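Novice: output the structure for:
(one chain, ligands or ions: 1)
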Amino acid sequence: MTKMTDLQTPFMPNWCPGCGNMPLWLAFKNAAVKQGWDNTNTAVVAGIGCHGHLVNFTKLTAFEGLHGRALPAATGIKIANNSLNVFVFTGDGDCFGEGGNHFIHACRRNHNLTVILHDNGLYALTTGQSSPITPHDAKTKSTPFGNPDEPFNPLVMAIASGATFVARAYASNMAQLTELMIKANQHNGFSFIDVLQPCETFNKQFTHPFFQENTYYLEESYDPTNREIALTRAREFDLKKIPLGIFYEEKKPAYEDQLGYLNGEILYKHGTQKRDMSSLFAKYI
Ligand code: SF4
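Specialist: Down below sits the predicted model:
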């Protein structure tokens, strides 16, 4: 059983007042307590950005990778020890800018990971430059006359690239976010949650009141197993009516299930067996 105090580190969050990272982090800790995620069964990996501080405030096995490189580290961890719950925390710049290539291939391979996108619509740690998610025409520190780029749609990117669990949440709807994190973790395969996470300091468009007014949940009758409908609904991000919930879910073997050489065992335990490599070396020396 995991208690909230088990997850405590000596460091207190240093996010700005009102930052959407705070409820996202609390929702994750609530999920950890409910599910018994602890240092022995769970690893968290982050990239670089305001989101990355999360690993300092959460006492779980953790790794903070280079900018955009959380996914390669996480896939390595998962392949080495398939029994771990592996969570990747990444920002929209980190995930779709520096890490765009890694994201596409991790989706395609259906690695059994849960990726949680801290989507604040810009690069916040570096004080407010446009990211690949920043809307067209938006004024940011790096686009003072309006953003000339067309943004990526994170959900469409994930579904089109092969992710098998794709959802969107708003950070301050904590109870729903906690449940979504649990469902994403229980999914066997690549699960992705795009969390709308206000940056109160640098993004004056995507604020808490904005998301409170302009989001709604997908209908109860919505069927997330239809890929074409999921893509259509994922494109409904028109800034006045933003759907939340599980857009797409598909049952399919995860990458790690298909590694025949593991034979149902844990890879790092194989590494403890000593093997005589002298005949192999003799071929090349
Ligand atoms: Fe949060 Fe923005 Fe402050 Fe970063 S700069 S801690 S994202 S409010």
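
Novice: show the residue spans covered by the strands in the protein.
Specialist: 42-46, 61-64, 85-91, 114-119, 122-123, 129-130, 165-170, 191-196, 215-217, 242-249 (DSSP state E).

Novice: near the ligand, which residues of the stretch 151-285 of the chain show up?
Specialist: Proximity of the stretch 151-285 of the chain to the ligand (C-beta under 6 Å from any ligand atom) is limited to residues Cys199, Glu200, Thr201, Phe202. The C-beta positions use only the backbone N, C-alpha and C, and glycine is treated the same way.

Novice: which of those sits closest to Thr114?
Specialist: Closest to Thr114 out of those is Cys199 (22.4 Å), distances taken as C-beta to C-beta.

Novice: hang on, isn't the closest one packed against Cys19?
Specialist: Yes: if you go by C-beta atoms under 8 Å, Cys199 and Cys19 touch, sitting 6.7 Å apart.

Novice: so what sits against both of these two?
Specialist: Common neighbours of Cys199 and Cys19, counting by C-beta atoms under 8 Å, 6 or more residues apart in numbering, are Cys50.

Novice: so the two - more neighbours on which side?
Specialist: Cys199 (26 against 22; other C-beta atoms under 10 Å).

Novice: can I get the strands of the chain in a markdown table with mean neighbour count and mean pLDDT?
Specialist: Shown next, in a markdown table, are those (neighbours: other C-beta atoms under 10 Å; pLDDT from 0 to 100):
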| stretch | mean neighbour count | mean pLDDT |
| --- | --- | --- |
| strand 42-46 | 24 | 97 |
| strand 61-64 | 17 | 94 |
| strand 85-91 | 28 | 98 |
| strand 114-119 | 28 | 98 |
| strand 122-123 | 26 | 96 |
| strand 129-130 | 20 | 96 |
| strand 165-170 | 27 | 98 |
| strand 191-196 | 27 | 98 |
| strand 215-217 | 14 | 96 |
| strand 242-249 | 20 | 97 |
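
Novice: how deep is Asn14 tucked in, by neighbour count?
Specialist: With other C-beta under 10 Å as criterion, Asn14 counts 10.

Novice: contacts only, for it.
Specialist: His53.

Novice: report pLDDT for it.
Specialist: Reading off the confidence values, Asn14 has pLDDT 94.

Novice: and what of Glu265?
Specialist: For Glu265, pLDDT reads 80.

Novice: would you mind measuring from it to the ligand?
Specialist: Using C-beta to the nearest ligand atom, to the nearest Å, Glu265 is found at 41 Å from the ligand.

Novice: His136 too?
Specialist: 21 Å.

Novice: that residue is in contact with Asn147, isn't it?
Specialist: Yes: counting by C-beta under 8 Å, Asn147 is a contact partner of His136 at 5.8 Å.

Novice: tell me which of these two has more neighbours.
Specialist: Asn147 (19 against 11).

Novice: show me the contacts for that one.
Specialist: Ser130, Thr134, Pro135, His136, Asp137, Ala138, Lys139, Thr140.

Novice: from these, list the buried ones, please.
Specialist: Among the contacts of Asn147, those buried by neighbour count (16 or more other C-beta atoms under 10 Å) are Ser130, Thr134, Pro135, Ala138, Thr140.
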